[in-house]
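**Student:** Pasted the sequence and its predicted model underneath.
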Amino acid sequence: MEIYVVPDAPATGVVAAGILAAVVRSKPNAILGVATGSSPIPVYEALAAHDLDMSQLRTFALDEYVGLPAGHPQSYAEVVRREVTERLGLDPARVAVPDGGAGDPHEAAVNYDSAIREAGGIDVQLLGIGHNGHIAFNEPGSELDSRTRVEVLADRTRQANARYFRSLDDVPTRCITQGLGTILEARQLLMVVRGADKAEVLAAALSGPVSPECPGSVLQLHPHVTVVADQAAATHLDAFRQVTLQVATPSA
């Protein structure tokens, strides 16, 4: 596991984008797993500044709410369109998001999982981590080998995401999420974490017990993990001898 500690949130974006850019340069038709939420936004902003032709990339989003109408501004299909597809100049036909509006979301989840495998698997999966340890929408208690499925959102997750909606009542209660087992099949995992409020959960995920109660702890089971954290998020990591901290100097 490689851990890069950088000064601030914009620097997390610069360093993580540099890692993704190297992948794209070596494999222009790479398959990237994209994440939503606040932590990945600086990554997409910094990646857009690289002089890259990303038209041959194929992407799969981690998750989507169930039940939002098509075109809802807070649906992840729309967030991915705004923040990823348009910003990076991707081919919309090569960008996949789970179908949260499907008549049978359970079937849609199974089909999405199959589509990832049929595409050849994800080369690099971008991740964040929630305050309760969730990655994607795998809430505490998720099986470590879980597949893409319909999940019920935890109250804490809904409360954290309420800032994007008019009220907590507007936040969906269900989602389709890639499972932990699905995520572990990516060839590389790239987690971006920022803020002092994530320091304890990041330390638990990287150095605590591997347990369904901290879904992010599955990173310890993967052979190729890179974590980019700002100094505030990394404050508890130096207590763990098995974690080697590397201070990265951001560069464009």
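**Tutor:** Perfect, thanks for sending it. Residues are numbered from 1 along each chain as shown.

**Student:** What are the buried residues along stretch 101-114?
**Tutor:** Using 16 or more other Cβ atoms under 10 Å as the test for burial, stretch 101-114 gives 101-102, 105, 108-109, 112-113. All C-beta atoms are positioned from the backbone trio N, CA, C, and that covers glycine.

**Student:** got these as a markdown table, with distance to residue 178 columns?
**Tutor:** Formatted as a markdown table, those follow (distance: Cβ to Cβ, whole Å):
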| residue | distance to residue 178 |
| --- | --- |
| 101 | 18 |
| 102 | 16 |
| 105 | 14 |
| 108 | 13 |
| 109 | 9 |
| 112 | 8 |
| 113 | 7 |
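
**Student:** So which of the residues you listed sit within helices?
**Tutor:** Helix and strand membership here follows DSSP state H; of the buried residues of stretch 101-114, those in helices are 105, 108-109, 112-113.

**Student:** pretty sure residue 234 is touching residue 198, no?
**Tutor:** No: contact between residue 234 and residue 198 fails when scored by Cβ atoms under 8 Å: they sit 9.4 Å apart.

**Student:** would you list every one of the strands in this protein?
**Tutor:** Secondary structure of the chain (DSSP state E): strands at 2-6, 31-34, 58-61, 63-65, 95-96, 124-127, 149-152, 174-177, 188-193, 225-230, 245-247.

**Student:** between these, which gets nearest to residue 168?
**Tutor:** Across these, residue 168 has its closest neighbour in strand 63-65 (13.9 Å, Cβ to Cβ).

**Student:** Tell me the gap between the closest one and the middle of its chain.
**Tutor:** Its chain's average C-alpha position is 12 Å from that of strand 63-65, according to Cα atoms, centre = their mean, to the nearest Å.

**Student:** for stretch 167-176, same thing?
**Tutor:** What separates the centre of stretch 167-176 from the centre of its chain is 19 Å, taken as Cα atoms, centre = their mean.

**Student:** In PDB, list the C-alpha atoms belonging to that stretch.
**Tutor:** What follows is stretch 167-176, C-alpha atoms only, in PDB (Å, rounded to 0.1, in the frame of the first residue of the first chain):
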ATOM      1  CA  SER A 167     -34.100  18.600   3.000                       C
ATOM      2  CA  LEU A 168     -33.300  15.300   4.600                       C
ATOM      3  CA  ASP A 169     -36.700  14.000   3.500                       C
ATOM      4  CA  ASP A 170     -35.700  14.500  -0.100                       C
ATOM      5  CA  VAL A 171     -32.600  12.200   0.200                       C
ATOM      6  CA  PRO A 172     -33.400   8.700  -1.200                       C
ATOM      7  CA  THR A 173     -33.400   5.800   1.200                       C
ATOM      8  CA  ARG A 174     -32.100   3.200  -1.300                       C
ATOM      9  CA  CYS A 175     -29.300   3.000  -3.900                       C
ATOM     10  CA  ILE A 176     -27.600   0.700  -6.200                       C
END
